[in-house]
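Sequence below, structure please.
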Amino acid sequence: MTLQPRPGILDIKPYKPGAADAPGIANPVKLSSNENPMGCSPAARSAFEASSKKLNLYPDGGATRLRAAIAAANGLDADRIVCGTGSDELLQLLGRAYLAPGDKVVQSQYGFLVYRLVAMQSGAKLLSAPETDYTTNIDAVIETAGDDARIVFIANPNNPTGTYVSHAEIRRLREALPETTLLVVDEAYAEYVDEPDYETAFDLAREYDNVVVTRTFSKIHGLAALRLGWAYADKSIIDVLNRVRGPFNVNLPAIEAGIAAINDTDFQRRSAEHNRRGLAFMRQQLCGLGLDVTPSVGNFVLVHFPETEGKTAADADAFLTKRGLIVRPVAAYGLPNALRITIGLDDDNRKIADALAEFMR
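Residues are numbered from 1 along each chain as shown. Alright, predicted model coming up:
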C-alpha cells in the first residue's frame, strides 16, 4: 500500500501566486501580486546588505529588536508581538494551534485564499458568509459564525476586493462572537487606507484575549522577497504561537531590513501617496471605458468584465499578457469575470489603461 498523507491533505489545491512571466516578453510589467512598485526603503536595502556579513550566524530566535521597533512605531507592547515568515505563516500557525478536525472556520465570501488553506490543513470546515457589494457583511458573518465557530478570519481591507468595513463594525463583530471564537483581523493593506471610519483593530486585541491582528512587511514596506510579518494579540495567544513556530522562523536579513523599514516613515508616506494617486487614476480611466471597478482602499483594483464573448476577463487577461502586462485572474476566489490589477508606477498604470481601452473598442 502506498504511503498516504492525513485525510484531506490531497484535497488541498496549492496556493497559486500571481504570474511573473509573459511568453516572449523580456521585461514584462508585473501587476499581479500587489507588490510595492516603488521598491523598498533605501535604509532597509542597506540594512539587508550589511546583514550579509553575518550569514554564518543564527538570527535572534525571538526577533527581539524587530519586535521592539514594531512596538515603538505603533504604540504597542513588544511582549504581545510575534514575528513570522510573512503573515501567511502566522495564519497557518493559528490554524495549527487552535483548529481540530471538524472545527468550523468562517470567512467572508471573497476572503483571502490562505484562510481556506488554513482550514483544510487542519481538517476543519470552511464556511463563507455572503458579501454585499463585494464588501464584508458583518451581520452575515455573525450569523454564519453562530456560537460554535472556532476561528473567524476577516481581511480588512479585503483581498481581492479592496473593500473595507469600519472599525465600529469590526468591534460589533467581536462583541457578537462568543469568547470561545478566535477573531483574526488580517490588516495586510492597512497602511494604505485613508478613510475616516477605518482604524486598526489593535485596541480590540488589547481589550480581549480572543482577537489577533496580523500585519505584513510585503506590501507598503516593499519587502515581499524577505517573507516577514507579525501578529499582535493577548500574551496568552502569543505564548501559544511561540510554542508552535520554528525556533528561528525569521531570518537575520529580514530582521535587520524590517527594523529599518518600520522606522522609515518617509518611504511609507511616499508609497501611500503614490498609491492614492494611482488608485484615482485607474478608477477614473477604467470606469471611463465602461468597466465596473470595485472601490478599493488597498494597492490594487478589482475590475469586472462583461460576459460577452471576446470581452470577458479571461479574454482581457490574454490580451494584456500578450502585451507584457501581467495581472491577476481571480476565478479561484469565485470571481471568474474579474481581474485584480495592482497599482504600479505611473507609466505602468497608463500602459494598462491604454491597453484596456484598445481591448474594449
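
list the contacts for residue 177?
Residue 177 is in contact with 142, 145, 149, 152, 183, 210, counting by Cβ atoms under 8 Å, 6 or more residues apart in numbering. The way it works is simple: take the backbone N, C-alpha and C, and place the C-beta from them, glycine included.

How about residue 217?
So residue 217 contacts 223-224, 226, 228-229, 254, 258, 261-262 (Cβ under 8 Å, 6+ apart).

could you redo the last one with a cut-off of 7 Å?
223, 226, 228-229, 258, 261 (Cβ atoms under 7 Å, 6 or more residues apart in numbering).

Kindly state the pLDDT recorded for it?
Model confidence at residue 217, given as pLDDT, is 98.

for it, phi and psi?
Note on residue 217: backbone dihedrals following degrees, to the nearest 10 are phi -100, psi 0.

Buried residues, stretch 255-265. List them.
For stretch 255-265, a neighbour-count test (16 or more other Cβ atoms under 10 Å) marks 255-264 as buried.

can you count the residues close to the residue lying closest to residue 161 once chain neighbours are set aside?
Closest residue in space to residue 161, ignoring its immediate chain neighbours: residue 134 at 4.3 Å, by Cβ to Cβ, 6 or more residues apart in numbering. Neighbours of residue 134 under the rule other Cβ atoms under 10 Å: 21.

So residue 134 versus residue 312, what's the distance?
The gap separating residue 134 from residue 312 is 18 Å, by Cβ to Cβ, to the nearest Å.

same question, residue 354
20 Å.

Turn the buried residues of stretch 255-265 into JSON lines, including distance to residue 234 and secondary structure.
Output for the buried residues of stretch 255-265, formatted as JSON lines (distance: Cβ to Cβ, whole Å; DSSP: H, G, I helix; E, B strand; the rest coil):
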{"residue": "255", "distance to residue 234": "24", "secondary structure": "helix"}
{"residue": "256", "distance to residue 234": "28", "secondary structure": "helix"}
{"residue": "257", "distance to residue 234": "28", "secondary structure": "helix"}
{"residue": "258", "distance to residue 234": "23", "secondary structure": "helix"}
{"residue": "259", "distance to residue 234": "25", "secondary structure": "helix"}
{"residue": "260", "distance to residue 234": "29", "secondary structure": "helix"}
{"residue": "261", "distance to residue 234": "26", "secondary structure": "helix"}
{"residue": "262", "distance to residue 234": "22", "secondary structure": "helix"}
{"residue": "263", "distance to residue 234": "26", "secondary structure": "helix"}
{"residue": "264", "distance to residue 234": "29", "secondary structure": "coil"}
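
nearest to residue 341, of those?
Distances from residue 341 to the buried residues of stretch 255-265, taken as Cβ to Cβ, are shortest for residue 261 (25.0 Å).

Double-check that closest one against residue 221; I have them as touching.
Yes: the pair formed by residue 261 and residue 221 meets the contact definition of Cβ atoms under 7 Å, at 4.3 Å.

how many neighbours does residue 74 have?
15.

Which strands and helices lie in contact with whatever helix or strand residue 231 lives in?
Element membership for residue 231 (DSSP states H and E) is strand 229-233. Contacts defined by 3 or more Cβ pairs under 7 Å, 6 or more residues apart in numbering; DSSP states H and E place strand 229-233 against strand 81-84, helix 86-98, helix 202-207, strand 211-216.

Run me through the strand neighbours of that strand, direction for each.
strand 81-84 (antiparallel), strand 211-216 (antiparallel) (DSSP bridges).

Export the ones you listed to TSV and append columns for mean neighbour count.
Listed next are those as TSV, based on neighbours: other Cβ atoms under 10 Å:
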stretch	mean neighbour count
strand 81-84	24
strand 211-216	26
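
could those strands be laid out in a markdown table, adding distance to residue 40?
Converted to a markdown table, those look like this (distance: least, Cβ to Cβ, whole Å):
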| stretch | distance to residue 40 |
| --- | --- |
| strand 81-84 | 17 |
| strand 211-216 | 13 |
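
Would you mind listing the buried residues in stretch 167-179?
Those would be 167, 169-171, 173-174, 177, for stretch 167-179 by 16+ other Cβ under 10 Å.

Just put those residues in CSV and tack on pLDDT and secondary structure.
Output for the buried residues of stretch 167-179, formatted as CSV (pLDDT from 0 to 100; DSSP: H, G, I helix; E, B strand; the rest coil):
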residue, pLDDT, secondary structure
167, 97, helix
169, 98, helix
170, 98, helix
171, 98, helix
173, 98, helix
174, 98, helix
177, 98, coil
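
hang on, the earlier thing: of all the strands paired with strand 229-233, which one is nearest residue 282?
Closest among the strands paired with strand 229-233, once you apply Cβ to Cβ, is strand 211-216, at 22.3 Å.
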